[in-house]
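Student: Take a look and give me a structure for this.
(4 chains)
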Amino acid sequence: MQRIGVFVCWCGTNIAATVDIDTVVEAMKREPGVVHSSDYQYMCSEAGQSRIRNAIKEHNLTGIVVCACSPRMHETTFRKAAKAAGLNEFMVEIANIREHCAWIHKDRTEATEKAVVLARTAVAKLNLNKPLTPGTSDVVKRALVIGGGIAGIQSALDIAEAGYQVDIVEKEPTIGGKMAQLDKTFPTLDCAACILTPKMVEAAQHDNINLITYSEVDSVSGFVGNFTVKIRKKARSVKADICSGCGICTEKCPSKKAKSEFNMGLNNRSAIYIPFAQAIPNVPVIDRDQCIKFKTGKCGLCAKVCPADAIDFSQQDEIIEQKYGAVVLATGFKPIKLDNFDEYSYAASQDVITSLELERIMNAAGPTGGKLLRPSDKKHPHTMVFVQCVGSRDTTGCGKTYCSKICCMYTAKHAMLIREKYPDIDVHVFYIDVRTPGKNFDEFYRRAAEDYGVNYIKGMVGKVAPTNGKLMVQGSDLIADRQVIIEADMVVLATAIEPDQTAKSLATMLTASIDTNNFFTEAHPKLRPVESPTAGVFLSGVCQGPKDIPETVAQASAAAVKVVGLLSKDKLVSNPCVAGSNELLCNGCSNCQHVCPYGAIDYVEKEFRINGKIKIRRVAQVNEAVCQGCGACTVVCPSGAMDLKGFTNQQIMAEVDAICR
Amino acid sequence: MQTNNRPVKEIAQEIFAENQAERILGWKRGEFFYDNSPAVFSAADELQEFVYDAFCGSNLSKFLVKEAAKEGRIAVLLKPCDRYSFNQLVKEHRIDKENVLPIEIDCDGMVDIDKVRALGIKGIKSISADGDQLTIETVYGQKNCSKEDVLLLKCQTCKDRTGGDRFALVREIEEMSSVERYEFWRSELSKCIRCNACRNVCPACTCEKCVFDNDKSGIANKANSDSFEESLYHMIRAFHVAGRCTDCGECSRVCPQGIPLHLINRKVIKDLNEFYGEYQAGADDSSVGPLTSYELDDVEPDIVMNRGGGR
Amino acid sequence: MTFDYYPGCTLKTKAKELDIHARSAAEALGIKLEELTDWQCCGAVYPMAKDEIATRLSSVRALAASRDNGRDLLTLCSACHHVIKRVNNDMQTDEEIRTKVNNYMSPETEYHGETKVVHYLEMLRDTIGFDTIRQRAVKPLTGKKIGAYYGCLLLRPNKVMAFDNPENPTVLEDFIRALGAEPVIYPYRNECCGGYISLENNELSAKKCDQITVSALENKADMLITACPLCMYNLDANTNSEHKTKLPIVYFTELLAQVLDI
Amino acid sequence: MLQKQQLQAETIRRISGVNTRKCMKCGKCTATCPAHSEMDISPHRFVSMVENNEIDALMSSDSLWKCLSCFACVERCPRGVEPANLIEAVRVTAVRMQNRNRLLPENIPSLLNNKLPQQALVSAFRKYSK
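Tutor: Got it, this is the predicted structure:
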């Protein structure tokens, strides 16, 4: 029989104002197993904890129930207190009478009644608790960063600087990501390449960083401290180790009709190509869909001209397997497709472009050498219209419900840069709201309007009609309460951004959760913003939600610190609440094995002596080091052979009974 | 009855004659001509008692769980519908496939003696089938009836013949209001005497020890607080066999109280089909069922509300 | 294949060309159009107010009759199509409207939006296929540059009409290609002609029509086609004679019949 | 009077099925409206005025009769507000009052010409009269 102590916390007035503490304390005294029941204003305070410690010793308690706030908040606190008094820490149960009761009920009688039920439930469970001892597991001292944009690079650099090995997996032929495509960065207007490329070089040259470009994660198994990841290195058709990056192949390649991905399709590239001059690694790849050799078997000019003999048409995809202690997701974003917004004539007119396309046009290394020219006729534009919120804040299903966050600032940047360089161009910006929270951000936007004469129009564009070589932009000016028509030469759409498509499959592989927009969810929006709810998986950059470069870098470093904190441990304490199979009940059906997300269940043939006869049966066995205690197996097991320590079927039934009593 | 135009009994005799198996799982006549029972035959002369006629409704697959674990190869006679249960049990590693010789036999529907009696035919001595017609010898002389009218419930919606719509009744129950539905099941399930026949016959119920018999489960032999608590037994059973039930219909066939238990399973099957695509448990012996596999496009939980499940 | 056919009021009078050629072309293409018996006017405009029940009834009658015939209901006039399809959607999705309408009509079998409403163009595209029309074209309009005028009712609101991309539609363009001509894509092809407003404010309608025809001419169209008698009327009445000679406006079915040489 | 307008506004919101609170005041309806040049109250203001129960002003506005029911605003509104439904609901509310029919049978002969399709007449009747 257990000797249970119940401790009811007031949480100041947080609980006491809504729940009648005395009633709970008195009711608990009548529960089976309870030998002590008391209350205190702040149970989590040192004074409160010492009351618990003293009571454990004084009453010789075998377990305690603390009626207080969410176990997320103070379960650890109370477990430590119990441990200090010589109790097994898993003999502690929390009844959450704050969030589940006081905070959501107004009626004191009802709240009190529910608090009693919750406390009684915890007691019922505790009566069946058994002391548990956590095991330990090793930590592989190596991190994997998925995505080689600024977020991934920053995380990797910080982890590497702390002395741990890091692999960056990047699906494109080069690292650099979206930031490499940008021209200038707000609010300081320094050139993106000038601040990014040194970091790219640093990552490439760092002893602890290993770049795995043109590669994708194929599968992930394992758990925190010990992930096993299979990475598919796509065939480059170029031997990276002997290529000198001279670029002769790309020059001589006769197939030059592929749209350049890096330049947003605004110009062409060869079939064998290096995405941009500062690409890292500076090794070309052959686009097999475009390559004449791959399409017809003839050509092979690149191989003939290569001085290093690095071209290898027979290269195959290669799968490499590596173990990691931690994984950082830095998969980034892409602009949405504009198929649902044909009223802006993006598909109908070359002169309607996205902001990312404008970045390439403005960039000195871009398709126009940095000259602002209309894509259709390469003429200098005189009037430009920017449309904000294209696809953002859209609840009709055509776009995204969220604010893409970066568009207000980059549009102000574009408008300002254009007015600075070409004062003859009239620039109009249609906006719904201008959102510029951030250090020096609003000042930046105001400078565009006040100093550079950018015409901000509060309203939206309803239609862009390409007419006689111009773009008739029909919009509203809500301040003047009128419809306006602007005859523009170019229209720039501030296109909403969405997570890269790889996020969804990675979420499945890593059992990291994503929200309805496919952004990775954080473990706690305020207090654990860079951790995924899955232990050992961390979030960096826009894959978690829209953010600009300073925020991305800050989050990348934060994620790195979390990784370093994890990798610095030699052993991880494992959760003792793991599943176990009662082999006498197991009938070998394999259901548990099918549903286990961690691959923690194996089946073995075992001899059993039943009624004096030896019988060989197929039974489930749980690898406790791999089990994460999710309980999926216990639910599908038809015979109840699978049980979860700390949350046994019996304990759950006892809880249900206590609630129904 | 014949299979491949050969009497099934001949096939059985051949098995022993050619030493294909040491034992045969089939049917023998029970106390009356209409209650043929599963039986294991271990020698050719035992086959005198062998029978295969319109009263061999029982599904032999489940008996293999015990029988196939014994020494010596066993041949089993499987009607088309029994094959599903056989496959499912092989899939769940409950039958050692290596030790079994499955023989598929033809079936053109099994007869429910109670339905014959319900036609007002009394004093039945024997029944013989001739195609679609039954010839019934009674103490009052010969009678005839159409076989279709007296088929076992499970044979009316046979998976291997063009049967009726097996979900028609399920749909009717779905259309009820929650109150009507509750009353319907309350009245049906109140008849339950907890004889456990449904469980014992069910090929999906082959646990080493059933949770209802396991003292440690916290639910075994629990006193009923009201007459309706018994129904939870059937609901829990339906959930335990969800995704694995082949809809063999044995539960309803054996229920001495005539509770339409198969409807609960069919409701689950219908929902699974709607949520995860058409799936027939036991169609093969290796695929992973809808409830134990995960696909990216699996239904989201809100589907229940969207379908008006809260009705 | 047989469809129930709902011609609508105007197709029997001022827009006979739209109707006659649609029937003959369908017949030539192996499609049977059974005109609904006792059809009534759809009401011409969709009653947006949710409490207007009576104005929905004539559409429901046509829809229910088609359901009883076990056929899809084919429409031709853009306005009829818009009204009938949206009322059908109401009957599928709006429980209050559905209940009230059924209570009012008390039909033998309640109508719950079972009928599929198909526009003639959808039938050409999905049932016959534009490739078949291309093969059957006896007198293709080679070299002709034709602008499609969609107007507003055929495609909007997309959630209900679910017919084509409302901002960048392709069905009429593909149709024009099937006739051997070259489609002219101009930005105002899905803008409103003014609709019924021409009755009291012809100026506005004239302005809208001018925008449309000028835009079509700028993009080098020799001809406009439409599926709506009211669009036809407005464009015809409001286009100045100079433009009109350069830009004749016809129903799409007229061209179809011409190309099939019926 | 305020109470009357409140009741009217509620009716208008109900029969139009429009939740005016969904409007984020972007003005895309006004930007897109083909009849805007004829309107004294822009579509976006319609939404805000119904939200604020300013019904009298709307009932006496000219805009009421200018909406072409072309559904451009419905199609393009990023929040699914459906301004056209709202305008129709206000118009219906006006027309349903005594002597508020805008089109009377006796006006018809003067409007007729030999090309005018029935569709136009029926539409106008439905739009302008009860």
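
Student: Now do the contacts for the residue lying closest to D:Asp40 once chain neighbours are set aside.
Tutor: The shortest distance from D:Asp40 to any non-neighbouring residue, by Cβ to Cβ, 6 or more residues apart in numbering or on different chains, is to D:Asp62 (4.9 Å). Placement of C-beta: from N, CA and C, glycine included. By Cβ atoms under 8 Å, 6 or more residues apart in numbering or on different chains, D:Asp62 lies in contact with D:38-40.

Student: which one among these gets closest to A:Arg419?
Tutor: D:Met39 (33.8 Å; Cβ to Cβ).

Student: The closest one contacts D:Cys29, doesn't it?
Tutor: No - using Cβ atoms under 8 Å, D:Met39 is not in contact with D:Cys29, being 11.0 Å away.

Student: could you dump the contacts of D:Asp62 to TSV with secondary structure?
Tutor: Formatted as TSV, the contacts of D:Asp62 follow (DSSP: H, G, I helix; E, B strand; the rest coil):
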residue	secondary structure
D:Glu38	helix
D:Met39	coil
D:Asp40	coil
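
Student: Type out the PyMOL command that picks the buried ones from the residues you listed.
Tutor: Selection of buried members from the contacts of D:Asp62 for PyMOL, criterion 16 or more other Cβ atoms under 10 Å in any protein chain shown:
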select buried, chain D and resi 38+39
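
Student: out of the contacts of D:Asp62, which one sits closest to A:Cys407?
Tutor: D:Met39 (30.3 Å).

Student: give the contact list for the residue nearest to that closest one when sequence neighbours are not counted.
Tutor: Closest residue in space to D:Met39, ignoring its immediate chain neighbours: D:Ser63 at 4.0 Å, by Cβ to Cβ, 6+ apart. Counting by Cβ under 8 Å, 6+ apart, D:Ser63 touches D:38-43, D:46, D:87.

Student: With pLDDT as extra columns, can I get the residues you listed in TSV?
Tutor: Listed next are the contacts of D:Ser63 as TSV, based on pLDDT from 0 to 100:
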residue	pLDDT
D:Glu38	92
D:Met39	94
D:Asp40	94
D:Ile41	96
D:Ser42	96
D:Pro43	96
D:Phe46	94
D:Ile87	95
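
Student: and the residue most central in space within chain C, what are its phi and psi?
Tutor: With the centre of chain C defined as its mean C-alpha position, the nearest residue by Cα atoms, centre = their mean is C:Ser78, 2.9 Å away. Main-chain torsions, C:Ser78, degrees, to the nearest 10: phi -60, psi -40.

Student: Then C:Ser58?
Tutor: Dihedral angles of C:Ser58 (phi, psi; degrees, to the nearest 10) stand at phi -60, psi -40.

Student: Quick check: it touching C:Cys41?
Tutor: Yes - with contact defined as Cβ under 8 Å, C:Ser58 counts as touching C:Cys41 (6.2 Å).

Student: Next up, the contacts around the closest residue to A:Ser574 other than its chain neighbours.
Tutor: Spatial nearest neighbour of A:Ser574, chain neighbours left out: A:Gly135 (4.7 Å); criterion: Cβ to Cβ, 6+ apart. Each residue near A:Gly135 by Cβ under 8 Å, 6+ apart is listed here: A:573-574, A:576, A:624-625.

Student: in chain B, what spans have low per-residue confidence?
Tutor: For chain B, the stretches with pLDDT under 70 are B:1-5, B:162-163, B:218-230, B:304-311.

Student: Residue ranges of each domain in chain D, please.
Tutor: Structurally, chain D divides into domains by automatic domain parsing as follows: D:2-97, D:102-130.

Student: Secondary structure element holding the residue in the stretch 101-250 of chain A that chain B sits nearest to?
Tutor: For the stretch 101-250 of chain A, the residue closest to chain B is A:Leu128, as judged by Cβ to the nearest Cβ, at 9.5 Å. Of the helices and strands defined by DSSP states H and E, none includes A:Leu128.

Student: If you tally nearby residues, what's the number for the closest residue to it other than its chain neighbours?
Tutor: Spatial nearest neighbour of A:Leu128, excluding adjacent residues (Cβ to Cβ, 6+ apart): A:Gln651 at 4.8 Å. Counted with other Cβ atoms under 10 Å in any protein chain shown, residues neighbouring A:Gln651 total 22.

Student: Contacts only, for A:Gln651.
Tutor: So A:Gln651 contacts A:125, A:128-129 (Cβ under 8 Å, 6+ apart).

Student: Quickly name whichever of the residues you listed is closest to chain C.
Tutor: Of all the contacts of A:Gln651, chain C sits closest to A:Lys125, with 44.8 Å by Cβ to the nearest Cβ.

Student: wait, doesn't the closest one sit right on A:Glu93?
Tutor: Yes - judged on Cβ under 8 Å, A:Lys125 makes contact with A:Glu93 at a distance of 5.8 Å.

Student: more crowded one of the two?
Tutor: A count of neighbours by other Cβ under 10 Å puts A:Glu93 above the other of A:Lys125 and A:Glu93, at 27 against 23.

Student: check whether the helix or strand of chain D with the lowest mean pLDDT contacts chain C.
Tutor: When each helix and strand of chain D is scored by mean pLDDT, DSSP states H and E, helix D:108-111 comes last, with a mean of 86. Yes - on the criterion Cβ under 8 Å from any Cβ of the partner chain, helix D:108-111 is in touch with chain C at D:Leu111.

Student: so after that helix, what's the next helix or strand?
Tutor: Counting by DSSP H and E, the next helix or strand C-terminal to helix D:108-111 is helix D:118-128.

Student: same for that next one, what does it pack against?
Tutor: For helix D:118-128, the packing partners by 3 or more Cβ pairs under 8 Å, 6 or more residues apart in numbering or on different chains; DSSP states H and E come out as helix C:229-238.
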